[in-house]
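1. Give the three-dimensional model of this entry:
(chains A and B)
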2 protein chains.
Amino acid sequence: MKLDLKLLKNIAEEVRRGVQPLAGRVEAGRVVGIGAGGDLTKHIDAVAEEIVLNMLKTYEVPCTVVSEEKGVVEILGGNSNVYLIVDSLDGTTNALRNIPFYTTSLAVAGIPKLSAIHTSLVADLPSGKIFSAEKGKGAWLDGEALKPSKTQLVEEAVLTINISANTGMVEKFGRLISKTRHIRHFGANSLEICYVASGRLDAHIDFRRKLRVTDVAGAYLILKEAGGFIIGEDGRDLDSPAEHPSIRLSLLAAANMELMENLTKLIP
Amino acid sequence: MKLDLKLLKNIAEEVRRGVQPLAGRVEAGRVVGIGAGGDLTKHIDAVAEEIVLNMLKTYEVPCTVVSEEKGVVEILGGNSNVYLIVDSLDGTTNALRNIPFYTTSLAVAGIPKLSAIHTSLVADLPSGKIFSAEKGKGAWLDGEALKPSKTQLVEEAVLTINISANTGMVEKFGRLISKTRHIRHFGANSLEICYVASGRLDAHIDFRRKLRVTDVAGAYLILKEAGGFIIGEDGRDLDSPAEHPSIRLSLLAAANMELMENLTKLIP
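-> Residues are numbered from 1 along each chain as shown, chains lettered A, B, ... in the order given. Prediction:
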């Protein structure tokens, strides 16, 4: 079968069925290994990823999976023209706490590169809402076309910044934070970028150099197809090889070019 | 009629019916006045508050309402033994952006003081979930008893801090933030405090001296009845007169005493 949006939706729905009963449960947080991306794999992560891999086998989809937990996995002998870049569960800490912000993120590319993604989906698991995109065709939330906001001024923007942990982010973003009135941080990058695509947020920033390509891939195409912008720390359009989950990124996602420029002026 | 939990739930359900169709809509953000708490009143705020006041009249509840928008309102001649401290819509910015994190907060007290609240409710409007409490009887989420977490170490805690705007918070919380791995900020104090009560979050901090008693009253009793702790900037158990919405507060809400002490050590 083809890895089209219909199949991606089926996979996400199956992950949702498996993950939702585990949300907020102690046993879901049991450490079961170390993922290919370098983080501890929790029981709930392993359950989600197992479902994705099994669905690909059940639907007989030869492809190369790049995933946070198991790294690179060839399904049915692999297919060097079909890469599936997967974060089966983005926002694990939220899911373990029953905080309703976590997703499954799935992105399909012809070569393992963010800019080569042609079909993608981010499923908001607690609500069941589905963000999706196809290259050149658009981006949607449950079938409705997405449009980023027109907010240009930092003073009026609602934005998310990840400042957790001892990563120098507090110093780096001090000036920006002092200008804003509406900082948020929800704790699931894929969903925060989809919120920028849909006009719920005006921007999302994570400069910790800790993001994996698997966290970003699904939302990347959704934001671009919606008409938003996404750049790296160097100020250029974000792109990255995606052949292994150990690759790390920083990014700034913004609703429009003017806001992006106004934000970057405030970041040293 | 008596302002018991059953009636508070009816009121919240009616607010939900009125507010949900407005969420994410441009006309909902139209400024219609300045509230008694000092903030701009948006159309969606006015709609929510009007529903609360009308319900009190319809159900014939003589009481004194202390609310964010209209200030002090006597219903059916008032009742000096029944105060209803109301934030009809906490998290207005989220509601206007369709970010699913905003509430109605209702608290009943015999005298206008936080510590005199005996019955309260916080309704998570997007999900329809209801947090509630009765003094001496407990706190519940949709009927299930609430219990805060046992997390004692800052390094393991999931916590929310409001650092928005130029309020010196970035400097004040720099040391604390550098110790944590899981900072969040959702943008509706009443719900963030209820998350601490329910073990979803370990702590919530807002030291901007901008919170109103109306923002805090509903969640205050819910956290206390669940067994959590809530202190002011002076380190003492939080209490405050609540006879007018212009009174401003800072607070630290924590799941347990040990975590509260570990957090306060890191705040200059």
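2. just so I have it, where are all the helices in the stretch 101-250 of chain A?
-> For the stretch 101-250 of chain A, the helices defined by DSSP state H, counting those that start in this stretch occupy A:169-172, A:174-179, A:189-197, A:213-226.
3. In terms of mean pLDDT, which of these ranks lowest?
-> Ranked by mean pLDDT, the helices of the stretch 101-250 of chain A end with helix A:169-172 at the bottom, a mean of 78.
4. which residues does the residue nearest to the spatial centre of chain A contact?
-> Centroid check for chain A by C-alpha atoms, centre = their mean gives residue A:190 as the closest residue, at 2.6 Å. When contacts are counted by C-beta atoms under 8 Å, 6 or more residues apart in numbering or on different chains, residue A:190 is found next to A:87, A:90-91, A:103, A:105, A:122, A:215-216, A:218-219. Heads up, the C-betas are built off the backbone N, CA and C, glycines and all.
5. make it 10 Å
-> A:87, A:90-91, A:101-107, A:120, A:122-124, A:131, A:211, A:214-220, A:222 (C-beta atoms under 10 Å, 6 or more residues apart in numbering or on different chains).
6. How about residue A:238?
-> The contact partners of residue A:238, by C-beta under 10 Å, 6+ apart, come to A:114-115, A:216, A:220, A:223-224, A:229-232, A:249-253.
7. and which of those is nearest to chain B?
-> For chain B, the nearest member of these is residue A:253. The distance, counting by C-beta to the nearest C-beta, is 15.5 Å.
8. tell me how far the ends of stretch A:160-170 are from each other?
-> Using C-alpha to C-alpha, to the nearest Å, the end-to-end distance of stretch A:160-170 comes out at 13 Å.
9. Stretch A:230-248 too?
-> Chord length of stretch A:230-248, first to last residue, is 15 Å (C-alpha to C-alpha).
10. buried residues in it?
-> Judged by neighbour count using 16 or more other C-beta atoms under 10 Å in any protein chain shown, the buried positions of stretch A:230-248 are A:230-231, A:238, A:240, A:242-243, A:245, A:247.
11. now these as a markdown table including pLDDT?
-> As requested, the buried residues of stretch A:230-248 are exported to a markdown table (pLDDT from 0 to 100):
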| residue | pLDDT |
| --- | --- |
| A:230 | 98 |
| A:231 | 98 |
| A:238 | 97 |
| A:240 | 95 |
| A:242 | 93 |
| A:243 | 90 |
| A:245 | 84 |
| A:247 | 86 |
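12. Keep only those of those residues that are in strands.
-> Taking DSSP state E as the definition of strands, the buried residues of stretch A:230-248 contribute A:230-231.
13. now the buried residues of stretch A:230-248 in JSON lines, with distance to residue B:175?
-> Putting the buried residues of stretch A:230-248 into JSON lines (distance: C-beta to C-beta, whole Å) gives the following:
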{"residue": "A:230", "distance to residue B:175": "32"}
{"residue": "A:231", "distance to residue B:175": "31"}
{"residue": "A:238", "distance to residue B:175": "32"}
{"residue": "A:240", "distance to residue B:175": "33"}
{"residue": "A:242", "distance to residue B:175": "37"}
{"residue": "A:243", "distance to residue B:175": "39"}
{"residue": "A:245", "distance to residue B:175": "33"}
{"residue": "A:247", "distance to residue B:175": "32"}
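14. What is the neighbour count of residue A:78?
-> 15 (other C-beta atoms under 10 Å in any protein chain shown).
15. Enumerate the residues of the stretch 1-150 of chain A near chain B.
-> Proximity of the stretch 1-150 of chain A to chain B is assessed by C-beta under 10 Å from any C-beta of the partner chain, with A:24, A:93-94, A:96-101, A:124, A:126-127, A:129, A:149 identified as the residues in range.
16. From those residues, list just the buried residues.
-> When the residues of the stretch 1-150 of chain A next to chain B are checked for burial by 16+ other C-beta under 10 Å, the buried set is A:24, A:93-94, A:96-101, A:124, A:126, A:129, A:149.
17. Read off the pLDDT value for residue A:166.
-> Confidence per residue is given as pLDDT, and for residue A:166 that number is 59.
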